[in-house]
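Undergrad: After the sequence you'll find the predicted model.
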Amino acid sequence: MKIRISSRSGFTYMTVVITMIVVGLTLAAYMKLVSVQNQLSMRSQTWNRSVPVIEAGVEEAIAHLNKNGSPIGGMFDASRLATDGWEGNTTDGWLRSGKAGSDYYFVRISPWNGLSTSFPKIYSTSIVEQLPAYALQPRGGIFVADAVQDILSSGRFSQRIVQCTTTNIPVFTKALVAKKGIDMAGQNVRTDSFDSGDPLYHDGFYHYTNTPGKWKCNGDIASNDTVTNAVCIGNANIFGRVATGPYGTICVGSAGMVGDVAWQADPLNKGKIKPGWSTDDMNIDFPSVIVPTCSWISINKSSFTDTNGDTWDYYLTGSTSSTNPTCYVVFPGGDFKGQIYVSGYVRLLIQTPSKISLSGGDQIKIAPGGNLELYADCATASLGGRGVQNAGIATQFYYFGTDRNTTLSYGGNAAFTGVFYAPNAAMTLGGGGSTQIDFSGSAIARTIKLNGNFTFHYDENLKRIGLYRGFVITSWNEK
């Protein structure tokens, strides 16, 4: 008996087998696709999650630089950067590690010697887990490289690095800056600039000189205001640029001019602004003055005779450290006036309801090498009489007006070198009569008015050694 296998049954069996293989391969391919898609999605989420971790490192570095990296009294102290959990020096840079949730960051500030010609770079590395993290504790400070290697060797973390360049924005970048209006009233009013840090642009005494070629045309003035006639030039000669807030306008008298030397040498340009020397994009903040914490000493009036035989009502002797000045306070009671002699690093506070009222023969004299920070926590301040005698550079006299300080006038009958910052005060600069009075430095106030023969000379050295608004990021590059 012969048994026959139907060819039709064999074809059916083969068809089922091939179909199962095809379905299996398709299912495997689909599962692989889902797996790859899931891996890519998780990798993308991990990569994106690293951004806020990197930013945490950058923000910590910026906060550290702003607290410890800005010069105090014009002096940079690198040892202050090796504090608050940071380790390092000017040769290797400063390093620190931190943790954000289950992720880590390692941040490094590049070597820096405090010079404004080359601000430090920030390198921030994020170490972000891709799967549940191991219980790892990163090592900080100079062992950052070892700590990174320890964590990455687990295979459970991804690494991302960025390099940020920085700059530190100076507070005093122009001759005159006001929240509101600027009025250049009077005759023979002018602004220009010089540089007490460059012997090519000062006369050896660190103040303005009228010697040809020794001064520059950067006596800029600016107002944040957005109204008509936010800045009134009048008949002043502005050897610099003028800026207002958006839609603010500038008024110029028939004899006033804004521009460089060549522009103002042409009488046909009277009453005009050189093209390109005015803008309406001014927009800066004016932080309030905060009186620093200090061990204040009550000031007492006592007779003092200096080496020249001059007698003074007050003798304020200060420390030898710019970071730790001796602090004096005038307690509320009466007007602060008289003849004041300052040596060393001194901080002086005038509190309301007292006021500053210098007139007649009153004056403040800063001895060679002396530095005075005058805090006016009072409504009114009048620096008249013989004004402030400062034979040094502008950073050796700072006037700080708190929000209580609403009126400020300077009418000293001698040349002045220093800096005013009083963002809530109506400031008036005048005096001199028929004599030209020179102001060398910079001023920031709520409103500013120039009278008489008062001329203003911006010291460009303030951009290098003056106060700073704070470090900011200028670029972000992934490495």
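TA: All right, it came through fine.

Undergrad: can you list the domains in this structure?
TA: Following automatic domain parsing, one finds the domains of the chain at 51-170, 176-469.

Undergrad: Let me know which of these is tucked in deepest.
TA: The highest mean neighbour count among these, using mean count of other CB atoms under 10 Å, belongs to domain 176-469: a mean of 19. C-beta coordinates here come from the backbone N, C-alpha and C atoms, glycine included.

Undergrad: Endpoints of that one, how far apart?
TA: Start to finish, the residues bounding domain 176-469 are 17 Å apart (CA to CA, to the nearest Å).

Undergrad: Please tell me how far it is from the chain's geometric centre.
TA: On the basis of CA atoms, centre = their mean, to the nearest Å, domain 176-469 sits 19 Å off its chain's mean C-alpha point.

Undergrad: picking that back up, using a markdown table, lay out the domains of the chain together with mean pLDDT and distance to Thr26.
TA: Shown next, in a markdown table, are the domains of the chain (pLDDT from 0 to 100; distance: least, CB to CB, whole Å):
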| stretch | mean pLDDT | distance to Thr26 |
| --- | --- | --- |
| domain 51-170 | 77 | 29 |
| domain 176-469 | 89 | 62 |
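
Undergrad: Distance to Thr15 added to those domains, as CSV?
TA: Formatted as CSV, these follow (distance: least, CB to CB, whole Å):
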stretch, distance to Thr15
domain 51-170, 44
domain 176-469, 78
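
Undergrad: Quick one: closest of the ones you listed to Val16.
TA: domain 51-170 (41.3 Å; CB to CB).

Undergrad: List the contacts of the one helix or strand Leu408 maps to.
TA: Using DSSP states H and E, Leu408 falls within strand 407-410. With contacts defined as CB atoms under 8 Å, 6 or more residues apart in numbering, strand 407-410 is touched by 376, 379-384, 387, 399, 401, 416, 420, 422, 425-431, 439, 445.

Undergrad: Just the ones of those residues in strands?
TA: Within the contacts of strand 407-410, residues falling in strands by DSSP state E are 376, 380-383, 399, 401, 416, 420, 422, 425-429, 439, 445.

Undergrad: burial count for the residue lying closest to Tyr458 once chain neighbours are set aside?
TA: Of all residues not flanking Tyr458 in the chain, Ala175 sits nearest, at 3.6 Å (CB to CB, 6 or more residues apart in numbering). By the criterion of other CB atoms under 10 Å, Ala175 has 26 neighbours.

Undergrad: thought Ala175 was touching Val242?
TA: No - using CB atoms under 8 Å, Ala175 is not in contact with Val242; the gap is 10.5 Å.

Undergrad: okay, and the common contacts of the two?
TA: 220-221.

Undergrad: picking up where we left off before, pull the CA atoms of the strand holding Leu408 into CSV?
TA: Extracted C-alpha coordinates of strand 407-410, given in CSV (Å, rounded to 0.1, in the frame of the first residue of the first chain):
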residue,chain,number,x,y,z
THR,A,407,19.2,117.3,47.3
LEU,A,408,22.9,117.5,46.4
SER,A,409,24.8,120.6,45.4
TYR,A,410,28.5,121.1,44.8
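
Undergrad: what pairs with it, and is each one parallel or antiparallel?
TA: For strand 407-410, the paired strands and their directions (DSSP bridges) read strand 380-383 (parallel), strand 416-429 (parallel).

Undergrad: okay if I get these as a markdown table plus distance to Ile62?
TA: What follows is the strands paired with strand 407-410, written out as a markdown table (distance: least, CB to CB, whole Å):
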| stretch | distance to Ile62 |
| --- | --- |
| strand 380-383 | 34 |
| strand 416-429 | 23 |
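
Undergrad: Which of those sits closest to Gln159?
TA: In terms of CB to CB, the element of the strands paired with strand 407-410 nearest to Gln159 is strand 416-429, at 44.5 Å.

Undergrad: Alpha carbons of that closest one, as PDB, please.
TA: Extracted in PDB, the C-alpha atoms of strand 416-429 (Å, rounded to 0.1, in the frame of the first residue of the first chain):
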ATOM      1  CA  PHE A 416      37.400 119.000  42.300                       C
ATOM      2  CA  THR A 417      38.500 115.400  41.700                       C
ATOM      3  CA  GLY A 418      36.100 112.600  42.700                       C
ATOM      4  CA  VAL A 419      32.900 110.600  42.000                       C
ATOM      5  CA  PHE A 420      29.300 111.200  42.900                       C
ATOM      6  CA  TYR A 421      26.600 108.500  43.000                       C
ATOM      7  CA  ALA A 422      23.200 109.700  44.300                       C
ATOM      8  CA  PRO A 423      20.500 108.100  42.200                       C
ATOM      9  CA  ASN A 424      17.600 109.800  44.100                       C
ATOM     10  CA  ALA A 425      19.100 113.300  44.300                       C
ATOM     11  CA  ALA A 426      18.600 116.500  42.300                       C
ATOM     12  CA  MET A 427      22.200 117.500  41.700                       C
ATOM     13  CA  THR A 428      23.500 121.000  41.000                       C
ATOM     14  CA  LEU A 429      27.000 121.800  40.000                       C
END
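
Undergrad: show me where the protein has helices.
TA: Along the chain, the stretches classed as helices by DSSP state H are 7-68, 144-152, 261-264, 462-465.

Undergrad: can you dump the C-alpha coordinates of the last one into CSV?
TA: The one in question is helix 462-465. Taking Å, rounded to 0.1, in the frame of the first residue of the first chain, the C-alpha atoms of helix 462-465 are listed here in CSV:
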residue,chain,number,x,y,z
LEU,A,462,37.2,104.8,36.2
LYS,A,463,36.3,102.1,33.7
ARG,A,464,39.4,100.2,34.9
ILE,A,465,39.6,100.8,38.7
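
Undergrad: Just list what that helix packs against, helices and strands only.
TA: Applying 3 or more CB pairs under 8 Å, 6 or more residues apart in numbering; DSSP states H and E, we find helix 462-465 packed against strand 157-170.

Undergrad: how far is the strand it packs on from where the chain is centred?
TA: Relative to its chain's centre, strand 157-170 lies at 18 Å (CA atoms, centre = their mean).

Undergrad: So what are the sheet partners of that strand and their directions?
TA: By DSSP bridges, strand 157-170 pairs with strand 121-129 (antiparallel), strand 468-478 (antiparallel).

Undergrad: closest one to Trp476 among the domains of the chain?
TA: Here domain 51-170 is closest among these (CB to CB), at 5.5 Å.

Undergrad: Done for today, thanks.
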